[in-house]
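>>> What would the 3D arrangement of this be:
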Amino acid sequence: MGFLIRLLVNALALYLLTLVYNGVRFAPGADVVGVILAALVLGIVNALIRPVLLLLSLPVNVLTLGLFTLVVNAVVLWIVAGVTVLDVAGFGAAFIGAIVLAVISWALDAVIGAVGLDGKRA
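Reported below is the predicted structural model:
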């Protein structure tokens, strides 16, 4: 149940990102299945590719006191856009989109936690 809720929260966050920021959008004609598939791919890329990118960029990340993680998040969003119906206007749009997506996901996670749908006991 937790995986399904997490998937739906990611899909909602991606959808809200496309409403809030014009640099990231879904391809014309994209349906709910495309949005959920993009959220699934985002989860897979975050679980498999992002740790490798963070490990490879560790020296730069240490030098920038962790700010290079924002660039890694932009690369992750760009990868997801490359294989799904998500369209990103460029790397700058991916960078800003990744920041906005992080804020939206954080807010949605807080709401899900406050409502009690995260499965954790209060």
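>>> Spell out, range by range, the helices that occur in the chain.
Ranges of helices in the chain, per DSSP state H, are 2-20, 32-56, 58-63, 68-83, 91-115.
>>> would JSON lines of the ones you listed with distance to Phe26 and mean pLDDT be doable?
The way it works is simple: take the backbone N, C-alpha and C, and place the C-beta from them, glycine included. Below are the helices of the chain laid out as JSON lines (distance: least, CB to CB, whole Å; pLDDT from 0 to 100):
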{"stretch": "helix 2-20", "distance to Phe26": "6", "mean pLDDT": "93"}
{"stretch": "helix 32-56", "distance to Phe26": "7", "mean pLDDT": "97"}
{"stretch": "helix 58-63", "distance to Phe26": "31", "mean pLDDT": "97"}
{"stretch": "helix 68-83", "distance to Phe26": "10", "mean pLDDT": "97"}
{"stretch": "helix 91-115", "distance to Phe26": "12", "mean pLDDT": "93"}
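>>> So what's the residue count around the residue lying closest to Trp78 once chain neighbours are set aside?
Sequence neighbours aside, Ala94 is the residue nearest to Trp78 in space, at 4.4 Å (criterion: CB to CB, 6 or more residues apart in numbering). Ala94 has 25 neighbours, counted by other CB atoms under 10 Å.
>>> surely Ala94 meets Leu77?
Yes - Ala94 is within contact range of Leu77, at 4.7 Å (criterion: CB atoms under 8 Å).
>>> Common neighbours of those two, please.
When contacts are counted by CB atoms under 8 Å, 6 or more residues apart in numbering, Ala94 and Leu77 are jointly contacted by Val24, Val88.
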